[in-house]
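Asks: sharing a model that was predicted from the sequence below.
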Amino acid sequence: MSPVYSGTVSSPDPGAVKLCEALHLLPDQRLAECCGGAGGSAARRTLADQCTRVLSLALRGGKVTLDAGRTAACLEAQSAALQGCGWVGPAQTPLPAACQGLAVGTLERGARCRSALECRDGLRCRGLGPTEAGVCDAPGAPGTACDLAADPLAVYLLQDAPEHAECSGVCVRRTCVSAVATGEACTFATQCGAAAHCAGGRCVPGRFAREGEACIVGACEQGAICRDGRCLRRKLEGQSCREDSECLGGCRPGGPGDAGTCGARCP
């Protein structure tokens, strides 16, 4: 059986080429500049090519459009995030928040879909599988199966897609369950639904905890880490550190008994 996005594209969409290369090739190229090497690994090139092919097919069929303003903001933010070398470290550099919500779906409820991104906001692609198209539908009620297959377009575009949630509540162990209400007890970050998070053992408003706010692991906004129950901004190049997780890049060790320094730490 063929994958849901099958076939080749003789003339890739120029916008797809530019975006997919920024998402998949630019980090590799900048890493090579910082650490030495040719850059543009074969694996990254394959990801960029597949991203371009799949996105071009979705665009050509009119199933999605690219938001021009968001795309421009994403390209600018991605370039800015990779300036210098202070971001280089053991962990993968997170995609800028401006790179979410790039694809705008055009399909209404009941239409056949190959990705949730092809559906209008508020709809998921029910029944989607590696070789099976799905149907645009409302988020699943409690008891509905979820997280059964990867969404190819969302994977290649690195999209979280909260506007296309599989469940009306949250997905836990491949089953939709009701989200814990604001103010009620919680134990892990995603129990509280898309518009809240778990902090201090209770669901509180906001998808992520902000810098300085109470948190549990996995609940902090991008660029922050939960340390001693509070979200702390990752440290920049030159600031003192004890471990890599504190830094935007890596923690370069100091002398015996001394703190290290945040900065580039090549693999």
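Replies: Done, it's in. Everything numeric in this text was worked out from a predicted model, so none of it was measured.

Asks: where do the strands of the stretch 151-267 of the chain begin and end?
Replies: Ranges of strands in the stretch 151-267 of the chain, per DSSP state E, counting those that start in this stretch, are 170-172, 175-177, 196-199, 202-205, 224-227, 230-233, 240-241, 250-252, 260-263.

Asks: so which of those strands comes closest to Ala97?
Replies: strand 224-227 (12.1 Å; CB to CB). Bear in mind the C-beta positions are built from the backbone N, C-alpha and C, glycine included.

Asks: nearest to Glu21 among the strands of the stretch 151-267 of the chain would be which one?
Replies: Where those are weighed against each other on CB to CB, the nearest is strand 250-252, at 25.6 Å.

Asks: which outside residues touch that closest one?
Replies: 88-90, 241-244, 260-265 (CB atoms under 8 Å, 6 or more residues apart in numbering).

Asks: how about TSV for the residues you listed, with neighbour count, pLDDT and distance to Leu107 added?
Replies: Formatted as TSV, those follow (neighbours: other CB atoms under 10 Å; pLDDT from 0 to 100; distance: CB to CB, whole Å):
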residue	neighbour count	pLDDT	distance to Leu107
Val88	23	94	40
Gly89	23	92	40
Pro90	13	90	40
Cys241	21	93	47
Arg242	12	90	50
Glu243	9	90	46
Asp244	16	92	43
Gly260	20	92	51
Thr261	17	95	51
Cys262	24	95	45
Gly263	23	94	47
Ala264	19	93	44
Arg265	19	90	44
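
Asks: pull the most distant pair out of these.
Replies: The largest distance within the contacts of strand 250-252, taken as CB to CB, falls between Val88 and Arg242 and amounts to 18.7 Å.

Asks: now distance to Pro14 too, for the strands of the stretch 151-267 of the chain, in TSV please.
Replies: Below are the strands of the stretch 151-267 of the chain laid out as TSV (distance: least, CB to CB, whole Å):
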stretch	distance to Pro14
strand 170-172	36
strand 175-177	39
strand 196-199	39
strand 202-205	41
strand 224-227	36
strand 230-233	37
strand 240-241	42
strand 250-252	36
strand 260-263	37
